[in-house]
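A.B. asks: structure of the sequence below:
(one chain, ligands or ions: 1)
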Amino acid sequence: MLELKEIYKTFNPNSPSEKKALNGLNLKLEQGDFVTIIGGNGAGKSTMLNAISGVWPIDRGKIIIDGVNVTKLPEHKRALYLGRVFQDPMTGTAADMEIEENLALAYRRGQSRGLRWGITQKERVEYKELLKTLDLGLETRLRAKVGLLSGGQRQALTLLMATLKKPKLLLLDEHTAALDPKTAAKVLELSDRIIAEHGLTALMVTHNMKDAIAHGNRLIMMSDGRIILDIKGEEKKKLTVEDLLQKFSVASGSEFVSDRALLG
Ligand SMILES: Nc1ncnc2c1ncn2[C@@H]1O[C@H](COP(=O)(O)OP(=O)(O)OP(=O)(O)O)[C@@H](O)[C@H]1O
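C.D. replies: Here you go, the predicted model:
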């Protein structure tokens with residue numbers, strides 16, 4: 001489903017602030033893989049998601065999504081394959097627009113321009129049903145401006161919008177990190193449900209080791225711009241945070257350092 005082959009990316013090359021952010025990164029995902037990603041500060045987690053999304057060109061390597069070589073495709077063309085949810089609940093939705101207008105935008109993604117904008121009654125019924133699945137009471141607030149919603153409600157709506165057109169690949173970039181623990185747990189549960197219902201292939205960056213262990217069928221750990229641990233199946237199910245830290249130090253030859261990782 002996704003193949004990253006020998007990806008290299010250096011920021012500010014040949015300058016004092018040169019940074020090798022991706023360093024021969026290789027990753028292959030099967031259809032339906034839900035992979036959690038952890039790693040210390042500057043390990044390259046967000047850079048990997050940016051490389052997949054096409055935020056900037058990579059220096060070397062190949063990116064294949066569902067059999068299509070997208071390495072040279074610009075970001076807006078790759079967006080058709082991808083759904084992405086960021087850490088900041090303000091980024092995925094348009095605050096000045098109503099909930100139903102936001103959903104309609106997501107629904108019309110990838111369709112040709114010139115389409116009439118009006119939202120039909122049939123669509124409204126569909127949106128209500130969709131919003132009901134969030135269990136946040138939003139189905140009665142279709143005409144409310146998104147700016148009035150809480151961070152958790154916005155993130156849940158963003159998740160719904162990012163997956164409405166069943167993307168080939170869902171990228172979750174610390175999408176619960178800015179939420180309080182209870183809301184974060186709810187949005188994570190919703191993520192699990194949506195991924196399972198649609199059989200999506202997903203990558204989720206998290207700084208919470210327990211979440212990384214509890215969610216998905218596969219866990220990867222990054223260090224210095226490449227993957228140093230790849231744990232799946234039964235081995236992942238039995239994993240503890242202590243195991244993970246131990247495995248990290250064996251694989252990297254150093255202690256796990258992160259100012260944001262939640263170990264407990
Ligand atoms: N646009 C950029 N310009 C310059 N340097 C960058 C850019 N994006 C990332 N970097 C650098 O590349 C390295 C990898 O960054 P990245 O954001 O991928 O790390 P991360 O694993 O997501 O870390 P964190 O958990 O701290 O967010 C870091 O040293 C970072 O400073």
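
A.B. asks: show me where the stretch 101-250 of the chain has helices.
C.D. replies: Taking DSSP state H, counting those that start in this stretch as the criterion, the stretch 101-250 of the chain contains helices spanning 121-132, 151-163, 181-198, 209-214, 233-237, 241-252.

A.B. asks: most tightly packed of the ones you listed?
C.D. replies: Per residue and on average, the most neighbours among these fall to helix 151-163, with a mean of 23 (mean count of other CB atoms under 10 Å). For every residue, glycine as well, the C-beta is placed using N, CA and C.

A.B. asks: ok, what's across the strand from the residue most central in space within the chain?
C.D. replies: Closest residue to the average C-alpha location of the chain: Leu172 at 1.5 Å, with CA atoms, centre = their mean. As for beta bridges, Leu172 partners with Val85, Met204 under DSSP bridges.

A.B. asks: can I assume it is in contact with Asp211?
C.D. replies: No - with contacts counted by CB atoms under 8 Å, Leu172 stays clear of Asp211, the gap being 10.8 Å.

A.B. asks: quick one on the thing from earlier: check the helices of the stretch 101-250 of the chain for me: which has the lowest mean pLDDT.
C.D. replies: When those are compared on mean pLDDT, helix 241-252 scores lowest, with a mean of 85.

A.B. asks: show me how far that one is from its chain's centre.
C.D. replies: Helix 241-252 sits 24 Å away from the centroid of its parent chain (CA atoms, centre = their mean, to the nearest Å).

A.B. asks: hmm, it touching the ligand?
C.D. replies: No - legend: contact between helix 241-252 and the ligand by CB under 6 Å from any ligand atom is lacking; minimum distance shown is 13.4 Å.

A.B. asks: nearest to Ser17, out of the helices of the stretch 101-250 of the chain?
C.D. replies: helix 241-252 (23.5 Å; CB to CB).

A.B. asks: show me what that closest one is packed up against.
C.D. replies: helix 209-214, strand 218-223, strand 226-232 (3 or more CB pairs under 8 Å, 6 or more residues apart in numbering; DSSP states H and E).

A.B. asks: Serialize these to a markdown table and add fields for distance to the ligand.
C.D. replies: A markdown table is the format used below for those (distance: least, CB to the nearest ligand atom, whole Å):
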| stretch | distance to the ligand |
| --- | --- |
| helix 209-214 | 12 |
| strand 218-223 | 6 |
| strand 226-232 | 11 |
